[in-house]
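**Q** A predicted structure for the sequence below; I have some questions about it.
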Amino acid sequence: METKLYNKEGKEVGKVQVPESLFGLPWNADLVHQVVTTIQSNARTGSAHTKDRGEVRGGGKKPWKQKGTGRARHGSSRSPIWRGGGVAHGPRNEKDYTRKVNQKMRQKALLVALSRKFHDGEVFFVDSLEMAAPKTAEAKKVLAALSKNFAYLTKKKNAALFTIPTKHEATQKSFQNFSNVAMDEVRNLNPLTVLGSKYLIITNPAQSFEVLGKKQVVKTN
């Protein structure tokens, strides 16, 4: 497969051969859904918390004697059926939301997501975005130039995810002040981040393909 290669001025500078093993897989909605929901579940902190009847303050004394009052029996004013009492079956912060999928499923789900984005025309390749120094103004010029070809870069949210083959602090700092785009190393890609933005813009394709190639699922007999 072949597609266009751009520079950071937004000009087409050639063609790039895209590996079919990375960007030519058929769509598998069930696999992607399972992996994405697992990633989201593992990110939950479980901060919601309610107190049960043993944790709320007060209620040590029996409200009234057991018999002879004509009223229902109660042992504590902090029962869940009392106002100010504990909460029955409420959320607890000790609940563990973590789930597990095996590595091959994670890897294939990523490649399936990449293939779907590429098939939909939402993956673009830029030869390089490296900045000599952290300059938000320079990054803004790059986004303005690229938006001539990729119209959705002007979206207010989740416009694009830029990937770089290896960590480059100056480049990453240059783009970190924009709320509608994100930047990360290509090795950190997962189906959730790939599908979470309109565009996926991959820089330094040759090096990026080498990193992504390590995520290919090897078939074993």
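**A** Sure, I can see it.
**Q** ends of stretch 196-207, how far apart?
**A** The straight-line separation of the ends of stretch 196-207 (Cα to Cα, to the nearest Å) is 23 Å.
**Q** and it, which residues are buried?
**A** 197-205 (16 or more other Cβ atoms under 10 Å). For every residue, glycine as well, the C-beta is placed using N, CA and C.
**Q** mind checking how far that stretch is from the chain centre?
**A** Distance of stretch 196-207 from the chain centroid (Cα atoms, centre = their mean, to the nearest Å) equals 15 Å.
**Q** contacts for that stretch?
**A** For stretch 196-207, the external contacting residues (Cβ atoms under 8 Å, 6 or more residues apart in numbering) are 5, 16, 18, 114, 117, 122-129, 146, 150, 152-153, 155, 158-166, 181-182, 186, 194, 208.
**Q** mean confidence for stretch 66-86?
**A** Stretch 66-86 shows a mean pLDDT of 93.
**Q** next one: stretch 151-168
**A** Stretch 151-168 shows a mean pLDDT of 85.
**Q** hang on, the earlier thing: return the subset of the buried residues of stretch 196-207 lying in helices.
**A** Applying DSSP state H to the buried residues of stretch 196-207, the entries found in helices are Pro205.
**Q** And the buried residues of stretch 196-207, which two are furthest apart?
**A** Within the buried residues of stretch 196-207, Lys198 and Asn204 form the most distant pair, 21.3 Å apart (Cβ to Cβ).
**Q** that older thread, let me have the buried residues of stretch 196-207 in TSV, extended by pLDDT and distance to Asn28.
**A** Formatted as TSV, the buried residues of stretch 196-207 follow (pLDDT from 0 to 100; distance: Cβ to Cβ, whole Å):
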residue	pLDDT	distance to Asn28
Ser197	89	20
Lys198	90	22
Tyr199	90	22
Leu200	93	18
Ile201	92	24
Ile202	92	21
Thr203	90	27
Asn204	89	28
Pro205	90	24
